[in-house]
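next come a sequence and a model predicted from it.
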Amino acid sequence: MTVDEIIADKLDIKNDIDVSIYNDPNTRAESFHKISKIVNDYIPKIDSFHSKNNENELKEKGYTVIDNFFTADEIDKILDVIKSSNGYNYHIAINAYNQEVRTLDNMGDWNIMSFLPDIFIKSPFLLNKFIDKRCVSLAQSYFGCFPTLYSINCTVSKFVGKEFKTQTVHRDYDDFKFLSFFVYLSDIDTNNGPHMYYAGTQNGANPTDEPVEICGKKGTVVVSDVYGLHYGKPLLEKDRIILWFRFGLSLNKMYYKNQDFKFAQEASKILSHIPNTLHNKYLLRGFIKNVSI
């Protein structure tokens, strides 16, 4: 059995896409610890490569910021991929309002655009960012076990005088525990959609303070447990471009709900660009066809 099958069997998780199983705080905590133990029995942890300050802040507040994780040249490479690709009118491309496609330079009246994940999986440069040990070991420290990459996305938000639903306060329910790595691909200030986060709400608590406004230069990475209360601040001008990749405990129901499995690539197209190791194959197994682990 695969680790995902073992988890489903041990926790009696149904083979469906009902993410409501991730809603209850008590169930979340109990299930997360059970899954961590299963994963640790299946695949060993890696050494620590991340900042202890980032780890402590993430565990205490639910978010942390890594400045200058991407260089200006690296951001330009990502933007080149985006500019040459078709975008869809929703924050998850496969769930778009319709099948109309537009380009970044021709958004028109759309206030949101996103892209299918295969354009990022096919990028050798980005593959090596997804497996960056600083990110992976930070997620590992938060989960207590080696993580799984289950989601890749990029959204462009544009000021057109109306808000999108992710610009209201909400929690995400992707897994029993998960992290989103938001990469700012444009400079983001108070006027063009910073990530807003209610510190300390990552364990289901109600907020005790006003949300933190997380601005940053392009290349900044905001690591956030988005089960905590958060939203994208509505834009007042310009636009905002953010790439995200998400780590969870396993190939969770959100992976299947958003049909990310449809974008898996042949093993040769992935493993020829990154070290062909057990950990890399495990981490990326949701995006590699017929991978043997």
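The structure has been received and is ready for your questions.

can you give me the buried ones in the longest helix seen in the chain?
Longest helix in the chain, counting residues (DSSP state H): helix 25-42. Neighbour counts over helix 25-42 (16 or more other Cβ atoms under 10 Å) mark 28, 31, 32, 35, 36, 38, 39, 42 as buried. No exception for glycine: its C-beta is placed from N, CA and C like everyone else's.

just checking, the last one touches residue 3?
Yes. Counting by Cβ atoms under 8 Å, residue 3 is a contact partner of residue 42 at 4.5 Å.

show me what the longest helix of the chain is packed up against.
Applying 3 or more Cβ pairs under 8 Å, 6 or more residues apart in numbering; DSSP states H and E, one finds that helix 25-42 makes contact with helix 3-10, helix 133-143.

could you look over these and pick the most buried one?
Stretch with highest mean neighbour count among those: helix 133-143 (a mean of 21; mean count of other Cβ atoms under 10 Å).

now do that one against helix 25-42, angle only.
If you take axes from the mean of the first three to the mean of the last three Cα atoms, to 10 degrees, helix 133-143 sits at 120 degrees to helix 25-42.

follow the chain on from helix 133-143 and name the next helix or strand.
Counting by DSSP states H and E, the element after helix 133-143 in chain order, helix or strand, is strand 148-158.

where exactly do the strands run in the protein?
63-66, 112-114, 148-158, 178-184, 195-197, 212-214, 221-224, 230-232, 239-248 (DSSP state E).

picking that back up, including mean pLDDT, could the helices and strands packed on helix 25-42 go into JSON lines?
Converted to JSON lines, the helices and strands packed on helix 25-42 look like this (pLDDT from 0 to 100):
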{"stretch": "helix 3-10", "mean pLDDT": "97"}
{"stretch": "helix 133-143", "mean pLDDT": "98"}
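
I'd like those helices as JSON lines, with distance to residue 110 appended.
Formatted as JSON lines, the helices and strands packed on helix 25-42 follow (distance: least, Cβ to Cβ, whole Å):
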{"stretch": "helix 3-10", "distance to residue 110": "36"}
{"stretch": "helix 133-143", "distance to residue 110": "30"}
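
quick one on the thing from earlier: state the mean pLDDT of the longest helix of the chain.
Mean pLDDT, computed over helix 25-42, is 95.

what separates it from the chain centre, distance-wise?
20 Å (Cα atoms, centre = their mean, to the nearest Å).
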